[in-house]
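> next one to model:
(chains A and B, ligands or ions: 6)
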Protein chains: 2
Amino acid sequence: MELFAVPDLPEIREGDDLAAMIGERVDLREDDVVVVASTVVSKAEGRVFDLDDFPAGPRAREVADRLAEIADEEKDPRFAQAVIEESTELVMEAPFLLTATRFGHVGVNAGIDRSNVPDGDLLLLPERPTESAERIRDGLAADRVVVSDTSGRPFRHGQRGVAIGWAGLPASRDWRGERDRDGREMGVTVQNVIDELAAAANLVAGEGAGGTPVVVVRDWEFGDHDGSDNHFREVEGDFVRQALREWTFQE
Amino acid sequence: MELFAVPDLPEIREGDDLAAMIGERVDLREDDVVVVASTVVSKAEGRVFDLDDFPAGPRAREVADRLAEIADEEKDPRFAQAVIEESTELVMEAPFLLTATRFGHVGVNAGIDRSNVPDGDLLLLPERPTESAERIRDGLAADRVVVSDTSGRPFRHGQRGVAIGWAGLPASRDWRGERDRDGREMGVTVQNVIDELAAAANLVAGEGAGGTPVVVVRDWEFGDHDGSDNHFREVEGDFVRQALREWTFQE
Ligand SMILES: Nc1nc2c(ncn2[C@@H]2O[C@H](COP(=O)(O)OP(=O)(O)O)[C@@H](O)[C@H]2O)c(=O)[nH]1
Ligand SMILES: Nc1nc2c(ncn2[C@@H]2O[C@H](COP(=O)(O)OP(=O)(O)O)[C@@H](O)[C@H]2O)c(=O)[nH]1
Ligand SMILES: [Mn+2]
Ligand SMILES: [Mn+2]
Ligand SMILES: [Mn+2]
Ligand SMILES: [Mn+2]
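Ligands and ions are numbered 1, 2, ... in the order given. A predicted model of the protein is given here:
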């Protein structure tokens, strides 16, 4: 298995045809997986906004006031407004905003970025990243596309690449029913390969000024396994989310 | 960046010298990262046990009874006992056991495996995986070692490779203070590369009978960044763990 970045991609602007730009720069093979950072998908889809695009309502002001109090620094209620508009649920309101986006991803600030954005203050995640992945895939010689983001998580420090959209492959390898080395049937083992692909690609893409938002994964096989497209947990099966609903941050 | 599995590793037994076995099978380069599945580290370190090694105390029986009630099937209190002995805290007792291991990893059943274990019922995680990584590194021509496991997580379905021990590289690239594409100083971006390396390796190692517990990552550079060795969150900064402490599962 080999990973390399697509070279020489320019600054991406609204309306850019990402698939064409990738295809001009690398000779893709049918079984490559192309991992595209959500940043450039968002830029191509015109998801750059100004804070002024989000006049703050009373809820956003309340949320921002509380965050400002805790952090002891100003918090722009327009930013809180943007996060709220992107979300179906505020999972945590303090000491930071953790929300579920409309497409099901749970992340801080609904994944809104303020880095690597030249034309505006805010870069929102793609509205429907799996549809984005499908559109990009339609224009590529490669059959598999993952749209990634960088995201934090409970229990572990730091952030890592995750998949937020995918096309041409299942989200997971489902090993249940297969046998282990000792012939025993395996338990609840569902391997989320799109998150693993996004994490692998992030090692090459980086977080800074590298200019390498697209990474090709070559010679990786899904293999002869059942697949599953379950990716974002629903509240019903997510006990952590249920616990967070009942919890309030106390200083 | 390239990843390949170390070929032809036999069944690992207590006392096996993993570093020597790897070195006999691949020509390692100094800047390779060698990712070793905790399964084989545990086997080499004699972490295979029988359920009978863990006579259940009253706490384990209480926990197992509750789990049995919820699942409506028998739960062996000796297994609960093993999990309790491996843990410093039971983060969730129902509907499954989520604990913090002695070395700080939060996982279901303290990471105890019942697959790919021929000689016993249970395979416990290495006692101190970072020390394991250091020992393996001492015997290798490669300078960087990650000990991995496969683990689930909140918010997202399925499991993915994570790092539980590491040697010869920092856990994370710390991008704070560096500049983004637009010259802006970057915010709180700490990229946990050892988790990303473990996830990447897991795509090659797999979860089943593949017999490929060791994966070499070649031509990946940490790069000129600050490093951080923060990896497992302490309770103090982990709001999700705090929320779970206060929460009780209700059927
Ligand atoms: N060529 C190019 N690279 C970009 C652009 N925007 C971001 N990048 C690069 O894409 C990679 C990922 O950027 P990041 O902001 O971490 O994206 P995210 O993980 O999707 O939020 C980094 O190497 C950035 O330098 C762009 O418009 N053009
Ligand atoms: N050669 C060899 N492979 C093993 C052994 N034990 C497990 N494996 C392989 O190691 C890989 C990872 O196994 P898994 O049980 O998922 O390990 P974990 O992720 O560390 O819990 C799979 O390819 C297994 O077939 C062993 O003793 N010898
Ligand atoms: Mn992002
Ligand atoms: Mn990123
Ligand atoms: Mn394991
Ligand atoms: Mn595994």
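> hang on, A:Phe232 packs against A:Arg102?
No: contact status for A:Phe232 versus A:Arg102: not in contact, 10.9 Å apart, counting by Cβ atoms under 8 Å. No exception for glycine: its C-beta is placed from N, CA and C like everyone else's.
> and the pLDDT for A:Val188?
We have a pLDDT of 63 for A:Val188.
> go on, A:Arg181?
On the pLDDT scale, A:Arg181 is placed at 86.
> cool, and the one 3 residues further on?
Per-residue confidence for A:Arg184 comes out at a pLDDT of 81.
> just give the number of residues close to it.
Residues near A:Arg184, counting by other Cβ atoms under 10 Å in any protein chain shown, number 13.
> next: A:Ile164.
Quick note: A:Ile164 (other Cβ under 10 Å) scores 29 neighbours.
> so which bits of the helix or strand harbouring it are buried?
Using DSSP states H and E, A:Ile164 maps to strand A:160-167. Within strand A:160-167, the residues scored as buried using 16 or more other Cβ atoms under 10 Å in any protein chain shown are A:Arg160, A:Gly161, A:Val162, A:Ala163, A:Ile164, A:Gly165, A:Trp166, A:Ala167.
> need the next SSE after it, C-terminal direction.
Past strand A:160-167, the next helix or strand by DSSP H and E is strand A:172-174.
> does the following helix or strand past that following strand reach ligand 5?
Sequence-wise, the next helix or strand downstream of strand A:172-174 (DSSP H and E) is strand A:190-192. No: judged by Cβ under 5 Å from the ion, strand A:190-192 stays clear of ligand 5, getting no closer than 11.9 Å.
> ok, then the element right after strand A:190-192?
helix A:193-205.
> give me the contacts around the next helix-or-strand element following that following helix.
For helix A:193-205, the following helix or strand on the C-terminal side (DSSP H and E) is strand A:214-218. Outside strand A:214-218, the residues that touch it by Cβ atoms under 8 Å, 6 or more residues apart in numbering or on different chains are A:1-6, A:9, A:18, A:22, A:26, A:28-29, A:31-37, A:40, A:142, A:197, A:200-201, A:204-205.
> if we go to 7 Å?
Residues outside strand A:214-218 that contact it (Cβ atoms under 7 Å, 6 or more residues apart in numbering or on different chains) are A:1-6, A:9, A:22, A:26, A:28-29, A:32-36, A:197, A:200-201, A:204-205.
> any stretches of the stretch 1-150 of chain A with poor pLDDT?
A:116, A:119-120 (pLDDT under 70).
> which single residue of it ends up nearest ligand 6?
A:Met1 (16.5 Å; Cβ to the ion).
> that residue reaches A:Asp219, doesn't it?
Yes: at 5.2 Å, A:Met1 and A:Asp219 qualify as touching, with contact defined as Cβ atoms under 7 Å.
> which one's more surrounded, these two?
A:Met1 (20 against 14).
> list the contacts of the residue of the stretch 1-150 of chain A closest to ligand 6.
A:Val217, A:Asp219, A:Trp220, B:Leu3, B:Leu203, B:Val204.
> separation between it and B:Glu11?
Going from A:Met1 to B:Glu11 by Cβ to Cβ, to the nearest Å gives 25 Å.
> which residue sits closest to A:Ile70, ignoring its sequence neighbours?
Distances taken as Cβ to Cβ, 6 or more residues apart in numbering or on different chains place A:Pro95 nearest to A:Ile70, at 5.1 Å, with adjacent residues excluded.
> just the buried positions in the strand or helix carrying A:Ala133, please.
Here A:Ala133 sits within helix A:129-138, counting by DSSP H and E. By 16+ other Cβ under 10 Å, the buried positions in helix A:129-138 come out as A:Pro129, A:Thr130, A:Ser132, A:Ala133, A:Glu134, A:Arg135, A:Ile136, A:Arg137.
> quick one, phi/psi of A:Gly227?
phi -120, psi 160 (degrees, to the nearest 10).
> which of the contacts of A:Met1 count as buried?
Using 16+ other Cβ under 10 Å as the burial test, the contacts of A:Met1 include A:Val217, A:Trp220, B:Leu3, B:Leu203, B:Val204 as buried.
> what about ligand 5: which of those residues touch it?
Okay, of those, nothing touches ligand 5 (Cβ under 5 Å from the ion).
> identify the farthest-apart pair in those.
A:Val217 and B:Val204 (11.2 Å; Cβ to Cβ).
> check whether stretch A:20-33 contacts ligand 1.
No: counting by Cβ under 6 Å from any ligand atom, ligand 1 is not contacted by stretch A:20-33; separation bottoms out at 9.3 Å.
> mind listing residues that contact that stretch?
With Cβ under 7 Å, 6+ apart, stretch A:20-33 has contacts from A:6-9, A:34, A:139-144, A:146, A:197, A:214, A:216-218, A:220.
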